[in-house]
Each structure stands twice: as C-alpha cells, then as structure tokens.
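1. how does the following fold in three dimensions:
(chains A, B and C)
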Amino acid sequence: MSAYLKNAWYAAAWSQEIGRQLLKRVIMDESILFYRKEDGTAVAVSNRCAHRFAPLHLGKLEGDTVSCPYHGLRYDSSGKCVFNPNGDQRVPVGARIRTYALAERSGMLWIWPGDADRADTALLPDISYLEDRTRYAPVTGYLNVRSNYRFILDNLLDNAHLNTVHHDTLSCEPFRRGVPHLKPSAGNANEILTSLICPPGLPGAIWSQIWAAEHDGVAPGSMDHWVELSWEPGGTCLQETGITPEGRPRSEGIATLNCHLVTPETGQTSHYFWGIARPFQLNNPEFDEQMKFGANYAFQHQDEPMLEAIQKESGAQDFWKMRPALTVEDVTLSKVRRRMDELIRAENATPAAATSSTG
Amino acid sequence: MSAYLKNAWYAAAWSQEIGRQLLKRVIMDESILFYRKEDGTAVAVSNRCAHRFAPLHLGKLEGDTVSCPYHGLRYDSSGKCVFNPNGDQRVPVGARIRTYALAERSGMLWIWPGDADRADTALLPDISYLEDRTRYAPVTGYLNVRSNYRFILDNLLDNAHLNTVHHDTLSCEPFRRGVPHLKPSAGNANEILTSLICPPGLPGAIWSQIWAAEHDGVAPGSMDHWVELSWEPGGTCLQETGITPEGRPRSEGIATLNCHLVTPETGQTSHYFWGIARPFQLNNPEFDEQMKFGANYAFQHQDEPMLEAIQKESGAQDFWKMRPALTVEDVTLSKVRRRMDELIRAENATPAAATSSTG
Amino acid sequence: MSAYLKNAWYAAAWSQEIGRQLLKRVIMDESILFYRKEDGTAVAVSNRCAHRFAPLHLGKLEGDTVSCPYHGLRYDSSGKCVFNPNGDQRVPVGARIRTYALAERSGMLWIWPGDADRADTALLPDISYLEDRTRYAPVTGYLNVRSNYRFILDNLLDNAHLNTVHHDTLSCEPFRRGVPHLKPSAGNANEILTSLICPPGLPGAIWSQIWAAEHDGVAPGSMDHWVELSWEPGGTCLQETGITPEGRPRSEGIATLNCHLVTPETGQTSHYFWGIARPFQLNNPEFDEQMKFGANYAFQHQDEPMLEAIQKESGAQDFWKMRPALTVEDVTLSKVRRRMDELIRAENATPAAATSSTG
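-> Next up, the predicted model:
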C-alpha cells in the first residue's frame, strides 16, 4: 500500500531548473529523469533503463532522445526504446520506460505521479501571480527538507507556530490570538479553506518593516491582520496574508500571495518549493533580496530544524497512533490529514490506477 | 516484547549533569528530558510534546515548567500541559507527557523506566562511598559506548580479560590464576555475588604503583589479591578490589570500592557511568588525576574498542543462539545473563506494568 | 535461504596478501580470518571467537595458533581451541571455530565457503598463466566494489558495454557489431562458454597501441577480433581476447588471457580480483605499468561507478522481478544468471551441506 496520494499535481521543479541537461529527482521514492526537448517541452521519465537498470541521468541527451550510459540504448520522450547501437541493433521487445504526466504553468513544472489518464490540467493549482510582473514582484526558493511531507504541511497550515518558531519576525499579538475558521470549499471539492480571524493589534517585525517602507518610514499602528489559506491535494498550500489599519477595508492595506508546494521525495525527506508575490515595491531588486533573505531565514533557519527534529523524534510512527493532543489552532491541519488519509485509502483500493501509466 | 528490564533502577546522569538547562538523554530507546525545578528537585519526562511531537529539549525552562519550542505549550513537572499561549488559550484535553520515577542519591540520578508505582527507593544501589569525603577520595566518569549493555556487563563481571585487554596495567599472575566463586545473596534476592579467589603473587603495574605510593616508594612483595563483586538488576556492578601482604588480614592492605553502572541507550549503544573510591591519598588532587587517567585509559582505550568490535561482529544476534563456549571464569556473567533473561521474560508477561506509568 | 552459492571455489585473496599477519575479510556476510602457518600453508577460520565472540584478527599469531584479543584463548589451524591461559586453564568443551576449505594455486587463495567435504580441487579455475613467467607477463589487481556480485558478473559477461563505458579505450566497430554465440561446455558441466563473433575492422585505442608497440610503431589495419569467454560457478570469468590481421590465423595476432574473479562480500558489496597475462613484451616493467594503469582506469574509473550506480538504483530488488528488457548481447549473462539461480535453489534445498563444515 502506497503512503502517497499519487493522483494529484505536485511541484516537480521550477521551470528554470529543467533544460537541455539531464536532471534526476526522486519523487515518492521513484527515481525520475527530467529534461527538455528541442522544442522546449519538458519531459519526465523513469530514470532507470529498462535494459539493465543503469541510471539514465548519467547518460546523454541527443536531440529528443536520452542514451543510456551503460550500453547506449536510446529512449524517446514517450519512453520508448528507439535505438540499440550494439550487435544486430535490434531493440529489445517491450523496452520502454515509464513516463509521467507533466504540465508547465506559472514557472513551475507540475508532475502527476499516478495514472496519466487522470491527469487533468483543470486541477492545476493557480500560482499565476508569480508570473504577473505588471502587478506583482515575486521571490521564490527551494529547500530539500529531511522530514516527511505531512509534517511540513502541518507546519504550513498552522498559525500558532508563528509566535514561537518565528518569534523575532512574524510573531505578534494578533496572530497569537488568531483562531482559524474553516470555510466552505469554492471549487475543487477536495480543497480545504480556512480564514484566520485575529483581533487588531501591532504587527510583527517583518510586516512593520514592510508597512514603513510603503509609508515613508512611518510605523504601523493597530492593524487588522488576515490569513486566507487553501490546501489542495496533495501538497499545495496557497495563502493570502496582509494587514490594514484597524477597521479599514483590506484594499487600503498591504498583502502578499504565498504558495508553498510540498512534494514527497522519500518517506522521510521532501521537496519544498515556495513563492511570495507582493503587489508593492515592484522593480525593486533590493527589496527582492530582503524578502528572499527573510523567507530563507524563516524557512531554512527556523522551520526546517524544527521539522527535522520532529521527524527524528517520530521516526516512521503513524501520526494518529502517537495520539496527538490537538488544539483548536490545529483544525485545518487535522482536517487536511483526515482528507489525505481518505484519498490515499481510496486510491489504494484501486491499485491499477496508481501504477499503470506509461506515456 | 521489550529487550530491556524496565522495572529496576538505572543510572540516568551524574547529579551535576542536571541543572537549570534542558538535557535530552535516550534511555531504552525513549527520548527523555531531564531538568531541575527551582527547588533543586530533578525531573524526567518524555521529551516528545504531546501536541505535535516536537522535542522539548529545544524549548525553554520557565520556572518549573517547560515550554515547547514549536507552539509554546507548557508542561509542569508532573507532565501535565498547564498553558497554551495561542488562540483561545484552551489547553488540549488529555495533553500530558509521561513522567519517569527518579531518585537522587550519592551524586547520581537514578531512573526507574518501568512502572513508577513499583519504584522502591529501598532497592537503590548503595554507592554512598562516592560522597563520604571523610573516608574516601572518589573519581568518576562517563562513556557513551557503541555496544549493547549486556556485552558491557559481561566485561565487568569477568576477571579473565584483565590479563589480555589490560595487559599493561592490571594483569598479574594472581588475577590470571583467579577463579570466581559464587556466594549466597545477602539482601536483594535478585542480586548475584562472586568472590575471585586468587593465589598470592606480585600485583600488576597499577596496584604496584599505588602500594609504593602508600609505602614510601617500597614496591610490594607477594600479595594476596581479592575482588568482591556484586551485580544487581539491571545494570549495576559493585566491586571491592584490593591487595594485602601474603597471609595478612585485608585490613593491613589497600583496596578501592568501584561502581560500574550500565544503562541501555539503544539496542546497540549504552551509557556507562563509573566511579572509584579510595580510602587513601585523600585530598590529593594529583593522585585523583592519575586515577582518572588510569581508569579512562582502561575503559576508553582498552575495553571500549573491544566491546564495540564484539558488537559489530555480533550485530543483533542472540548471545545464547551464537552458542558461546564458556569457561569457569564466565560463571558470574553466565548467571547474570540467565537471571536477566528470566526477569525480562517475567516482566514482558505482565505488559501493563512496563508501560503504564505516568507521573 | 542463502542468496549465495556456497559450494564453489571463490577467490579469497592474492597469495601475497596472506602472510604472518592476521587478515580479516568478509565473504558472503561471514567474517573470516586468514593467516599463514609457519610452514607457509594458508589458513581460513571464522574470525569470531567461540568463547565470547571477540574478533580474532585483533589478536596475535603465535606459532600456528591465534590468540583471542579478549581473553587469550588460543586456536590452532584446525579451529580447535587448544589453550586457555586463565584460571584453571581448562579449555571450554566444544570450543572450536569454523574452518574453511582453502586451496592455493597460481598465486591465488581460493576459498570454498560451503561444505568442506565437497571442496574438490579438480574444480579450481585454471589461471596458471599468471604464474607462467616464461610465456606470459602478468598484471593483477583488486577492487572492493559497492555492488552485488551479480551486477559485476553481468558487466563482465557483456561486450556491448565496451562501446559506451569504455568508449575511449576498448570501443571499436568490430566490438560494437559483435554478437555472442553460446558454445557447448567442454569440461565442467556447469561452465558456460561464449564466443564473440565480430566483423573485421580497426581496433580500439588500447589494442592499436599494443599492436603498434609490437610492430615497430606501425598502426594496425583492418583486424579480426575475438573474445572467448567462460564462466564457472560462482564468480569466475575467464577470457581470451585478441586481434589478428583480417583473414589471418589467430597465431599471427596478439592476445591476452584475462581472469575476473568476483566474490560476494555482502549483499551489496563485492571483492573483485583481476589478472591480465600477455604473451608479449615480457620483462618490460614499463609495459606492465601501462597495462596496469589501463586496467585500473577501465575497472575503477569506468565500470565501478556504473556498477555502484546500478546497485543504488536497484537496491535489494530482484533482477528478474524488475523485468529487464534483454538484448541478444545479453545471452551469456542471462544464461549465467539462470544457471546460478538453479544452483542456489538446489543448494538451499539441501541446507545441511551449506553450513555443516568445520575443519
């Protein structure tokens, strides 16, 4: 039984990571090869040669085919072995490597690790703001985290940790007193939405700096805070978070759009892609650098050590069997965990779908 | 089935290791947090937050409570969650971490990893000589050994290895010819006692030096040697070892009282605490240093590599299933292993007791 | 069930590796001690003391006996414990360590890890050319490879990889177009023989250099190439490979005799011994160095990384269950794998034989 939900879109790589070189990336314990064809289309195939199992990423990209480093068998982008340079040059019958459904949108390559026939681009998460340079200035990043992907999602879906883990940057009384409220899903039936309802108050260090930068150095007074959160299966968290003067409409405040895309690498390691788009300080590379520095500080120096410590304490134990004593602040992550459990259970009950896809 | 005997006192830490900082120590595969309350009482609780499993040793000690580094939930020394700083500040129902029975005596913190209700301080090993400064000068130490605790006990309960492993320090003809004799237990019914009966002869290098230091530089002649050994469940070995001129009463000789306290960390690693108390050369810091140097040389540079090599050769295999060809010198360790096997079997037959304790 | 074929001769060590020092080498997951007796005879015994399991290679060789580093018990070369230096000096009843059948021939120590009674020196592989200095100049080497032994055999039994992995040294059109043809076995019924049938053409870089060195610097023209290959259970590959001017008898060409001896260390690591004997450029140490450099370059810098990458991609998965899409070039290795599978299955069906041998 797979511990992963395979029939969903996952972030595989930032677009600029994939080019005319061969990239190996492990996703859900599978070794996958990524490259671009001459026309620019990205390809994801099994990294394991069907012949004698050499890893293809050590081979060569020739035109739109990849040749194995061991015996030179060549595969096209549909996974079919199209050339055997040796002996009588006959291609072995049935020599084919698995392909994965891929979609490229908004600077991200999305992979559907399950049944390619079910890969529906209508289900792609919307992070188009990352590419809308007329309205937003984006910063993005990637971390390889030694933690199960679900601990990372727990972290992203929980505002309470802001006051401890990010005590010097995001912590503030409004977030501390904030309580998440589940909302009805808008589109995707499996989506889970939450609003964090916070009392007004002074913002934390980062938001104060941002506000001052936008208001001639004048520090903010008591502000209304909001965090609108949506989760989509399997590892997509989208956020809008902002502040506005107490009692004023959100349009008078400032906010950022954040995406957090978590993709299982193995049972105890994950790929974590993040992006933050701000509709202010456009075309300000220095501000970009500050945003990037702040995000890296928070994710890499504060969240990541905590997530790795939890992974180490927990090992391969089941979350629910460890009997967590959850709080009302955990309502979102709890619902997401239960939804994921159901979806994984359902997917495992139809095993064919999870493994049958070849390009 | 546990491979450990949990209902017994084990050395957890030297008293001075535990203070107003948070210490994590793994005992019998469990991650345990140690600290002292403001009144000086030592506390041992599970290191895993009941909420979302962050390791508490990365948190903060505030008064007599520990706050979790992840969300700031605070636990008192009884293991109860007493404060939630977030949201509506409600403490999650049933949020509690396991506590462990602890006793502090003779400069040692003793832990009872099993059922706290059965923790009987009358069973605490007596190493009071380590604190009796009017009569003894003690030296103590700690090693983390990459070996199962039972291989370490085997080593401590066996005098034959003195002549090979400690060939340049303790080896001597009397020890080489010594034969252990089991004695009836005095108090604790599970205790196992042995006397090593040795023919007279010249002592080894260390005892010769000690004797000369006590007798104006005059080297010893033929001496009677003795080693009185007691083992108590689970990892306590107490020794008296000394020399006296051949045929003279022990009171005319010199002897030291030694304790060796072995605590399982994991299946293949152990905590090893040792102490040596001498009733001579009191208030002689230079002599202390020499004793400490000699003990570290023997334990760390001679015994430890041997124990780790045996662990590596043996892996997780069962000692008896490897069919050891035991000698008469192994009578003590053999009896101790069989007693431990019985006690562990009996404890596993009443599983509730081994796991039910909460403070 | 063992994954190894134990009743066969395997290369254990080059003769010069074994002397009057103690050598530990793991073979088929067993820790084995090698040394030579005073009369020069090589001995292989279990490296684990029968008493309390200390590794004997840390002990001492005294005459023809080995004394344990832990308690000084001494074993003779038949594996019998012959001396206990301690206490009453009684040797424990039944104290004996396993011995392994060994044969020394052609500069190699061969071990028979299975039932010593079945060890038949008539089955020893013939690599006598390595010692026939009147006719051959040999070079030899050893590599410890982090790969299952069967991936290494696959590699040795396959000529197709010469054109990719060894693209700059051995690759040539004749080898690329070569097709292996199975031949009837001559002697040993379990032996598997193949001839590589190649079209004529220019040889690769290494053979061109060798030819030129032998022919006053004149480069070869179109040549006939041959590779005669034999495999014997479990890890022996013997090759004759050579070139001769197109249409001329082999006797007018040049050829080398190569042996490749692969011995399982663990499930994922192997000992690999190789030798190359040339019947030309005798007594030319500079040529020896060039041959050795070339072989090391090929084996260590080209084959080894590939084999380790395949091992890493494949983990502990079964080769056939991964469903290899084999080519006609794989006919030899495929037959060898099937033969080995049969022999291992048969051996496991008679378990007593595989484990009963003591010297």
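
2. how near is residue A:142 to chain C?
-> With distances defined as Cβ to the nearest Cβ, to the nearest Å, the gap from residue A:142 to chain C amounts to 23 Å. The C-beta positions use only the backbone N, C-alpha and C, and glycine is treated the same way.

3. SS state for that residue?
-> Residue A:142 carries the three-state label strand when classified by DSSP: H, G, I helix; E, B strand; the rest coil.

4. for it, give the beta-bridge partners.
-> Taking DSSP bridges, one obtains residue A:273 as the residues bridged to residue A:142.

5. that one touches residue A:271, doesn't it?
-> Yes. Taking Cβ atoms under 8 Å as the contact criterion, residue A:142 and residue A:271 are neighbours in contact, 7.1 Å apart.

6. out of the two, which sits in the busier spot?
-> Legend: neighbour count by other Cβ atoms under 10 Å in any protein chain shown for residue A:142 and residue A:271, higher for residue A:271 (23 against 14).

7. which non-adjacent residue is nearest the more buried one?
-> residue A:263 (4.2 Å; Cβ to Cβ, 6 or more residues apart in numbering or on different chains).

8. which helices and strands sit right next to the helix or strand in which the one you found is found?
-> Counting by DSSP states H and E, the element that carries residue A:263 is strand A:254-266. When contacts are defined as 3 or more Cβ pairs under 8 Å, 6 or more residues apart in numbering or on different chains; DSSP states H and E, strand A:254-266 sits against strand A:10-14, strand A:23-27, helix A:149-156, helix A:205-214, strand A:236-245, strand A:269-278.

9. to residue B:6, which of those lies closest?
-> helix A:149-156 (29.4 Å; Cβ to Cβ).

10. extract the CA atoms of that closest one and return them as PDB.
-> C-alpha atoms of helix A:149-156 as PDB (Å, rounded to 0.1, in the frame of the first residue of the first chain):
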ATOM      1  CA  TYR A 149       5.900  16.000   3.600                       C
ATOM      2  CA  ARG A 150       3.000  15.800   6.000                       C
ATOM      3  CA  PHE A 151       4.900  17.300   8.900                       C
ATOM      4  CA  ILE A 152       5.700  20.200   6.500                       C
ATOM      5  CA  LEU A 153       2.100  20.600   5.600                       C
ATOM      6  CA  ASP A 154       1.100  20.600   9.300                       C
ATOM      7  CA  ASN A 155       3.600  23.400   9.800                       C
ATOM      8  CA  LEU A 156       2.200  25.500   6.900                       C
END
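
11. so what touches that helix?
-> Contact with helix A:149-156 is made by A:145, A:161, A:231, A:234-235, A:237, A:260, A:262-264, A:270, A:272, A:303, A:306-307, A:310-311, A:314, A:319, A:333, A:336-337, A:340, B:52, as judged by Cβ atoms under 8 Å, 6 or more residues apart in numbering or on different chains.

12. also stretch A:211-225?
-> Under the contact criterion Cβ under 8 Å, 6+ apart, stretch A:211-225 has outside partners A:172, A:174-175, A:178, A:196, A:198, A:200-203, A:207-208, A:241-248, A:250, A:253-254, A:280-281, A:287.

13. re the thing from before, tabulate the helices and strands packed on strand A:254-266 in CSV, adding columns for mean pLDDT and distance to residue C:31.
-> CSV is the format used below for the helices and strands packed on strand A:254-266 (pLDDT from 0 to 100; distance: least, Cβ to Cβ, whole Å):
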stretch, mean pLDDT, distance to residue C:31
strand A:10-14, 98, 45
strand A:23-27, 98, 34
helix A:149-156, 97, 40
helix A:205-214, 95, 58
strand A:236-245, 98, 51
strand A:269-278, 98, 33
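
14. ok, residues contacting stretch A:10-20?
-> Applying Cβ under 8 Å, 6+ apart, the set of residues contacting stretch A:10-20 from outside is A:23, A:25, A:27, A:32, A:34-36, A:42, A:44, A:61, A:102, A:104, A:107-113, A:140, A:142, A:234-236, A:261-264, A:271, A:273.

15. end to end, how far does that stretch reach?
-> 22 Å (Cα to Cα, to the nearest Å).

16. how about the helices in chain A?
-> A:149-156, A:173-177, A:205-214, A:285-296, A:304-314, A:331-349, A:351-355 (DSSP state H).

17. which of these sits closest to residue B:226?
-> Among the helices of chain A, the nearest to residue B:226 by Cβ to Cβ is helix A:304-314 (47.6 Å).

18. state the number of residues packed around the closest residue to chain B within the stretch 101-250 of chain A.
-> Scanning the stretch 101-250 of chain A for proximity to chain B using Cβ to the nearest Cβ identifies residue A:160 as nearest, at 4.0 Å. By the measure other Cβ under 10 Å, the count of residues near residue A:160 is 27.
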